[in-house]
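# Give me the fold of what follows.
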Amino acid sequence: MSTIISELQETSNEKEIFAVLEKYYPDWVVNCLAQYSDDYPVLTKNWQHICKLVSHEPSKILLVSQLAFKDKRQIEVCDYLTKQGYCVRRFEEFTSCIKCKSAIPCEEVYNSMKNKGVQVPEVWIESCQKCKV
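The predicted model follows:
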């Protein structure tokens, strides 16, 4: 087992988790959000489904600077975080609502979801429908 996973397993709270992540991957976590926008129920449903599979409640959405799938340690870290209820997503693929700070897919991801027939708002905006700025 890698050192970073061992250290993560010894943490007892979110602050300690982020300290370990910062130690091994400085500036990797760009943002941390509590939830997805209600405008994108499929994202929340998928996150809840994964959490149910790993027997853990949803924790936070971590927007990270990059995901290096060739970095075996980073894959292990993402796997560990997922099992702790975190949702690890690329920063460039999501933004947060200016008002309520819920995660919103970027316009490119929104368009991809819409083209695949996923339930999304009629038009993309940088805030939740209920928070329209």
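
# What does residue 114 show for phi and psi?
The main-chain torsion angles of residue 114 are listed as degrees, to the nearest 10 and equal phi -60, psi -40.

# What's opposite the residue sitting nearest the centre point of the chain in the beta bridge?
By C-alpha atoms, centre = their mean, the mean C-alpha position of the chain lies nearest to residue 61, the distance being 3.1 Å. For residue 61, the beta-bridge partners under DSSP bridges are residue 33, residue 87.

# what about it, distance to residue 32?
Summarising the geometry, the distance separating residue 61 from residue 32, computed by C-beta to C-beta, to the nearest Å, is 7 Å. (Glycine included, C-beta is placed from N, CA and C.)

# swap in residue 71?
Taking C-beta to C-beta, one finds residue 71 at 21 Å from residue 32.

# Between those two, which has more neighbouring residues?
residue 32 (16 against 13; other C-beta atoms under 10 Å).

# And for the more buried one, nearest residue in space, chain neighbours not counted?
The spatially closest residue to residue 32, leaving aside those adjacent along the chain, is residue 60, at 5.1 Å (C-beta to C-beta, 6 or more residues apart in numbering).

# for residue 42, same thing?
The spatially closest residue to residue 42, leaving aside those adjacent along the chain, is residue 118, at 5.4 Å (C-beta to C-beta, 6+ apart).

# And for residue 17?
residue 11 (4.9 Å).

# residue contacts, the one you found?
17, 19-20 (C-beta atoms under 8 Å, 6 or more residues apart in numbering).

# To what extent is the residue nearest to residue 32 buried, counted in neighbours?
Around residue 60 there are 21 residues (other C-beta under 10 Å).

# Could you do residue 114 as well?
Residue 114 is surrounded by 16 other residues when neighbours are defined as other C-beta under 10 Å.
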